[in-house]
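Asks: Here is a sequence together with a model predicted from it:
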Amino acid sequence: MSAVTQYIKESYIELTQKVTWPTWRELYNSAVVVLIASVIIALLIFGMDQLIHFVLDKFYTSLT
């Protein structure tokens, strides 16, 4: 059990003293970049889906 306690203590020291955490401003900027990239990728996928739907619809209606 002492090994687990030692591990927890070392983990706490590393997280509080050795890790460089981003500032709130850096975190906010990163979140905005991720949000914008997600919206752009979603719009690209939506556009490709609509294009494929249009092409297949025209193809299948031309067969009848």
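Replies: Right, received. Where do you want to start? Numbers count the residues shown, from 1 in each chain.

Asks: In terms of secondary structure, what does the longest helix along the chain contact?
Replies: Ranked by residue count, the top helix of the chain under DSSP state H comes out as helix 24-63. With contacts defined as 3 or more Cβ pairs under 8 Å, 6 or more residues apart in numbering; DSSP states H and E, helix 24-63 has no helix or strand neighbours. (C-beta placed from N, C-alpha, C; glycine too.)

Asks: Just the terminal-to-terminal distance for stretch 17-27.
Replies: Terminal residues of stretch 17-27 are spaced 19 Å apart (Cα to Cα, to the nearest Å).

Asks: Please state the offset of it from the chain centre?
Replies: From the chain centre to the centre of stretch 17-27 is a distance of 19 Å (Cα atoms, centre = their mean, to the nearest Å).

Asks: cool, stretch 28-44 as well?
Replies: Remark: stretch 28-44 is offset 8 Å from the chain centroid, using Cα atoms, centre = their mean.

Asks: same check, this time on stretch 47-63
Replies: How far stretch 47-63 lies from its chain's middle: 30 Å, per Cα atoms, centre = their mean.

Asks: Rounded mean pLDDT for that stretch, please.
Replies: Over the span of stretch 47-63, the pLDDT mean works out to 96.

Asks: Can you give me the neighbour number for Thr23?
Replies: 8 (other Cβ atoms under 10 Å).

Asks: Need the per-residue pLDDT for it.
Replies: pLDDT, Thr23: 96.

Asks: Ramachandran angles for it?
Replies: Main-chain dihedrals, Thr23, degrees, to the nearest 10: phi -70, psi 170.
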